[in-house]
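Novice: Sharing a sequence plus its predicted fold:
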Number of protein chains: 2
Amino acid sequence: MLTIYGMATSGNCYKVQLLLAQLGRAYRWVEINSAAGETRTPEFLARNPNGKVPLLELEPGKYLAESNAILCFLAEGSALLPTDSWQRAQVLQWLFFEQYSHEPYVAVARFICRWLPPDHARRADLPRLQARGHEALALMERQLAKTPFLTGQQYTVADIALYAYTHAAGDGGIELSAYPHLQDWLQRVAAQPGHVPMAQ
Amino acid sequence: MLTIYGMATSGNCYKVQLLLAQLGRAYRWVEINSAAGETRTPEFLARNPNGKVPLLELEPGKYLAESNAILCFLAEGSALLPTDSWQRAQVLQWLFFEQYSHEPYVAVARFICRWLPPDHARRADLPRLQARGHEALALMERQLAKTPFLTGQQYTVADIALYAYTHAAGDGGIELSAYPHLQDWLQRVAAQPGHVPMAQ
């Protein structure tokens, strides 16, 4: 059976939970509290030298890191990862966008607001992070004004990856009111068969 | 014919040049000077709303952004992208690692050192960027002590993607002397058939 090492309140880990729920696939979940240093223990670093969750253990000793690589691996052969090469390329484009231009702002703003003390020095970063987060959301809005899902007509792992932190952007002080098509898309994603919410 | 919009001194753009050279594939190159604002013109933003190079134009009106998505799309069907699903997942893991844990430090340190004036405020970020860059290189060193290429025995687009900024890390004040296996790997990559150097 698959094992996922993850932290339930992390959007990157939720992506994998959501996909596995929609694939109807059984798995074992091992909760890892990265805030308490559990991704930095010698045992965990032996599994993932990059010290991050989520981490997939396919079988003992066989590990895969990076949330979006895990999504692609698990979705292979399902309708959530297109077989057409151009469509698949669009999925990858959005997955790399998510990790480079979205997550470092939307997820980090959420982390600072929810988990750091009110007087923490990193709060000074919030205006910059929120501004860059809004740029990412505006780009999604522009696409979602044209197509129901990010890569077109089909719900894919690109939607799962971007849903994870987008639907929780308000936690980081990034309001979604200026993005009506994005809000419709959030509802469309949440209405997909087998959808599960993120842990609070 | 393929068109690539790129800036020749950008490592992200060099990845695509190197892959196309090794595939022996003809293409048209359109030089875009992002330092001069050419990725922010209305014409360019109509092609890529995210305002970044490289950008692949497959045919008029059909665009693909994100360097590592472009690598996967172009390498499909070649030996540079494995067909085995676990091997392919390892390639994606390294590509996402590159964009999240390597490029934002190694490439950004290089950008600051090479292109910003000596008294620029962003130089204050260099120690942090260099430290995080070293963490990324140490992780590569650990893998390359075990296998000749990042995902194992086979040279793949993961090696192309990570070669681009790693071999130029010194430009950002990140020295490679502590990483002997990584240095051997740089030579191994540079010795692959069809290798071309990055523009200076």
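Specialist: Arrived safely, thanks for sending.
Novice: what's the closest non-adjacent residue to A:A145?
Specialist: Nearest non-adjacent residue to A:A145, counting by Cβ to Cβ, 6 or more residues apart in numbering or on different chains: A:H181, 4.6 Å away. C-beta coordinates here come from the backbone N, C-alpha and C atoms, glycine included.
Novice: and that neighbour, what is it in contact with?
Specialist: Contact analysis of A:H181 by Cβ atoms under 8 Å, 6 or more residues apart in numbering or on different chains lists A:141, A:144-145.
Novice: now swap in A:Q200 and tell me
Specialist: Going by Cβ under 8 Å, 6+ apart, the list of residues near A:Q200 reads A:T9.
Novice: which SS state does it fall under?
Specialist: coil (DSSP: H, G, I helix; E, B strand; the rest coil).
Novice: List the buried residues for the strand or helix carrying the residue nearest to A:A145?
Specialist: Element membership of A:H181 [criterion: DSSP states H and E] is helix A:180-190. Within helix A:180-190, the residues scored as buried using 16 or more other Cβ atoms under 10 Å in any protein chain shown are A:181-183, A:185-186, A:189.
Novice: and if you look at stretch A:156-175?
Specialist: Buried residues in stretch A:156-175 (16+ other Cβ under 10 Å): A:156-169, A:171-172, A:174.
Novice: near chain B at all, that stretch?
Specialist: No: Stretch A:156-175 lies out of reach of chain B by Cβ under 8 Å from any Cβ of the partner chain, never closer than 10.6 Å.
Novice: Same list as before, the buried residues of helix A:180-190 that is, but in TSV and with pLDDT included.
Specialist: Below are the buried residues of helix A:180-190 laid out as TSV (pLDDT from 0 to 100):
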residue	pLDDT
A:H181	98
A:L182	98
A:Q183	98
A:W185	99
A:L186	98
A:V189	98
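Novice: What segments of chain A are strands?
Specialist: Assigned by DSSP state E, the strands in chain A fall at A:2-6, A:27-31, A:55-59, A:62-65.
Novice: Tell me the residue in chain A that is farthest from the middle.
Specialist: Farthest-out residue of chain A from its mean C-alpha position, per Cα atoms, centre = their mean: A:D119, at 27.7 Å.
Novice: Return the most buried member of the strands of chain A.
Specialist: Mean neighbour counts were taken over the strands of chain A using mean count of other Cβ atoms under 10 Å in any protein chain shown, and the top value, a mean of 21, falls to strand A:2-6.
Novice: which secondary structure elements does it contact?
Specialist: If you count contacts as 3 or more Cβ pairs under 8 Å, 6 or more residues apart in numbering or on different chains; DSSP states H and E, strand A:2-6 packs onto helix A:11-23, strand A:27-31, strand A:55-59.
Novice: quick one on the thing from earlier: and the angle for the helix holding A:H181 with helix A:11-23?
Specialist: With axes from the mean of the first three to the mean of the last three Cα atoms, to 10 degrees defining the directions, helix A:180-190 sits at 50 degrees from helix A:11-23.
Novice: could I have helix A:180-190 exported to PDB, CA atoms only?
Specialist: C-alpha atoms of helix A:180-190 as PDB (Å, rounded to 0.1, in the frame of the first residue of the first chain):
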ATOM      1  CA  PRO A 180     -15.300  36.200 -10.200                       C
ATOM      2  CA  HIS A 181     -14.200  33.600 -12.700                       C
ATOM      3  CA  LEU A 182     -11.700  32.200 -10.200                       C
ATOM      4  CA  GLN A 183     -14.400  32.000  -7.600                       C
ATOM      5  CA  ASP A 184     -16.700  30.100 -10.000                       C
ATOM      6  CA  TRP A 185     -13.800  27.700 -10.700                       C
ATOM      7  CA  LEU A 186     -13.300  27.100  -6.900                       C
ATOM      8  CA  GLN A 187     -16.900  26.000  -6.700                       C
ATOM      9  CA  ARG A 188     -16.500  23.900  -9.800                       C
ATOM     10  CA  VAL A 189     -13.500  22.100  -8.400                       C
ATOM     11  CA  ALA A 190     -15.200  21.600  -5.000                       C
END
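Novice: which parts of chain A sit against chain B?
Specialist: Counting by Cβ under 8 Å from any Cβ, the residues of chain A near chain B are A:49-50, A:58, A:62, A:64-70, A:72-73, A:76, A:85-86, A:88-90, A:92-93, A:95-97, A:99-101, A:103-104, A:139, A:142-143.
Novice: again, 6 Å this time
Specialist: Selection of chain A residues close to chain B by Cβ under 6 Å from any Cβ of the partner chain yields A:49-50, A:64-66, A:68-69, A:72-73, A:76, A:85, A:89, A:92-93, A:96, A:99-100, A:139, A:142.
Novice: Identify those among the residues you listed that sit within helices.
Specialist: Counting by DSSP state H, the part of those found in helices is A:68-69, A:72-73, A:85, A:89, A:92-93, A:96, A:139, A:142.
Novice: Apply the buried test to those and list what passes.
Specialist: Using 16+ other Cβ under 10 Å, the buried members of these are A:68-69, A:72-73, A:89, A:92-93, A:96, A:139.
Novice: Tell me which two of those sit farthest apart.
Specialist: Comparing every pair within those by Cβ to Cβ identifies A:F73 and A:L139 as the most remote, at 26.3 Å.
Novice: From A:R47, how far out is the nearest residue to A:S67 once chain neighbours are set aside?
Specialist: Among residues not flanking A:S67 along the chain, A:N12 sits closest, at 4.1 Å (Cβ to Cβ, 6+ apart). From A:N12 across to A:R47, the span is 16 Å (Cβ to Cβ, to the nearest Å).
Novice: Which residue of these two possesses the greater neighbour count?
Specialist: Between A:N12 and A:R47, A:N12 has the larger neighbour count (other Cβ atoms under 10 Å in any protein chain shown), namely 22 against 18.
Novice: Which residue ranges make up the domains of chain A?
Specialist: A:2-75, A:85-190 (automatic domain parsing).
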